[in-house]
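Novice: Provided below are the primary sequence and the corresponding predicted coordinates.
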Amino acid sequence: MRYAVMGAKGKQRSIFLLFFAVLFLLLILVVPERIVADGGRSNEVLVAQNCGNGDTSVARSPTDIPYVISPRNTLLLSNQPKLRWNSLLDAKSYTVSLVKGDKTVWETTVGKNEVVYPGKPVLEAGVEYLLSVKADSGKSSAEVQESARGFRLLPTSVAQVVKVAIAQLNSQQIPQKVRGLASAYIYSGADLKSEAIETLEAMVAGGVKDVSVHHQLGNLYWLTGVSLLSEINYKEAVKLAKSSQDLPELAEISSALGRLYVAIGEKGEAVKWFSQARDVYKALGNTLRVRELNGQVDLMKRSLI
């Protein structure tokens, strides 16, 4: 009888997870374009919150340091994540270490700027890990003073929901671009920034040229603290938005670039991008955003005097 009860509870749990995942999936499939647009706007709010009030709070990603690109400031779904860092021109090899607290739990040496963690020792749920990289040239990721660059495994119960949602999504007959964007949306919603970035980067590598993909990559790289890749993707999104005459996207991305430059202390560039965003919002008839951006432009100009 005990086993029957346990089996029933397990069945109920599986049905609940499936029901939750299907609802999540239906939301995405019914209004994919709205989700792409709203996802960009909601992430824009998050980016704004992380840019501070105009004081320089984030450093530009240093090109001469093997700083960690991924995973950082994220939860993880996989126990075997891809580890990536900035490639150095004068480096032939990198020593990569996974650190838990003050203890190194895994280490390897590779000749390129990425490696897949083998899964052993198994990552523990609820434990924060830190990736450390040292080039044979002597440069180290530890030279960059950064906060919030660790990562943790997603709790098992939530991970199961995400996996079911992704499996259901993959079973649908929908365009590949919609599938990719929807997958990234699911991952982002569960704070799986690393998986979301990997999904979108795979779309780019596969030849997808889409403003929403680069806009989301810009947002995600910013939220994980990789300002250089955020800047690169925002600017690519600007080019695509201009070529497709997508004014709402162009306005949002220009605003995001303005905030990025404020945060890394390049106020002249901030004025340029805030001004462009203001002009686009003016063309769209959004007087509220025009007033807000006029205030930001005036503030930046006064600080340059």
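Specialist: Okay, I see it.
Novice: helix or strand right after the worst-scoring helix or strand of the chain on mean pLDDT?
Specialist: Here the helix or strand of the chain ranked lowest by mean pLDDT, DSSP states H and E is helix 32-50, holding a mean of 42. Next along the chain after helix 32-50, taking DSSP states H and E as the criterion, comes strand 68-70.
Novice: What lies in contact with that following strand?
Specialist: 81-86, 131-133, 141, 149, 194, 197-198, 224, 226, 229 (CB atoms under 8 Å, 6 or more residues apart in numbering). Where C-beta positions appear, they are placed from N, C-alpha and C, glycine not excepted.
Novice: Just those: which are in strands?
Specialist: Judged by DSSP state E, the contacts of strand 68-70 include 82, 83, 84, 85, 131, 132, 133 as members of strands.
Novice: Using JSON lines, please lay out those together with neighbour count.
Specialist: Output for the ones in strands among the contacts of strand 68-70, formatted as JSON lines (neighbours: other CB atoms under 10 Å):
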{"residue": "82", "neighbour count": "17"}
{"residue": "83", "neighbour count": "22"}
{"residue": "84", "neighbour count": "22"}
{"residue": "85", "neighbour count": "23"}
{"residue": "131", "neighbour count": "22"}
{"residue": "132", "neighbour count": "17"}
{"residue": "133", "neighbour count": "26"}
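Novice: And the residues you listed, which two are furthest apart?
Specialist: Taking CB to CB as the measure, the ones in strands among the contacts of strand 68-70 span a maximum distance of 16.2 Å, between 82 and 132.
Novice: thought residue 241 was touching residue 249?
Specialist: Yes - Residue 241 lies in contact with residue 249 (CB atoms under 8 Å); the separation is 4.4 Å.
Novice: secondary structure class for the most centrally placed residue in the chain?
Specialist: Residue closest to the average C-alpha location in the chain (CA atoms, centre = their mean): residue 220, at 2.1 Å. Taken by DSSP: H, G, I helix; E, B strand; the rest coil, the conformation at residue 220 corresponds to helix.
Novice: Pull the contacting residues for it.
Specialist: 43, 188, 193, 196, 197, 200.
Novice: least confident pick among those?
Specialist: Across the contacts of residue 220, the bottom pLDDT score, 45, is held by residue 43.
Novice: In the stretch 151-300 of the chain, what residue spans correspond to strands?
Specialist: Per DSSP state E, counting those that start in this stretch, the stretch 151-300 of the chain carries strands over the ranges 151-153.
Novice: follow-up on the earlier one: between the contacts of residue 220, which is nearest residue 123?
Specialist: Closest to residue 123 out of the contacts of residue 220 is residue 193 (16.4 Å), distances taken as CB to CB.
Novice: From residue 116, how far off is the closest one?
Specialist: Using CB to CB, to the nearest Å, residue 193 is found at 18 Å from residue 116.
Novice: Which one's more surrounded, the two?
Specialist: residue 193 (24 against 10; other CB atoms under 10 Å).
Novice: those helices in the stretch 51-200 of the chain, which residues are they?
Specialist: Assigned helices in the stretch 51-200 of the chain, in chain order: 156-170, 176-189, 193-205 (criterion: DSSP state H, counting those that start in this stretch).
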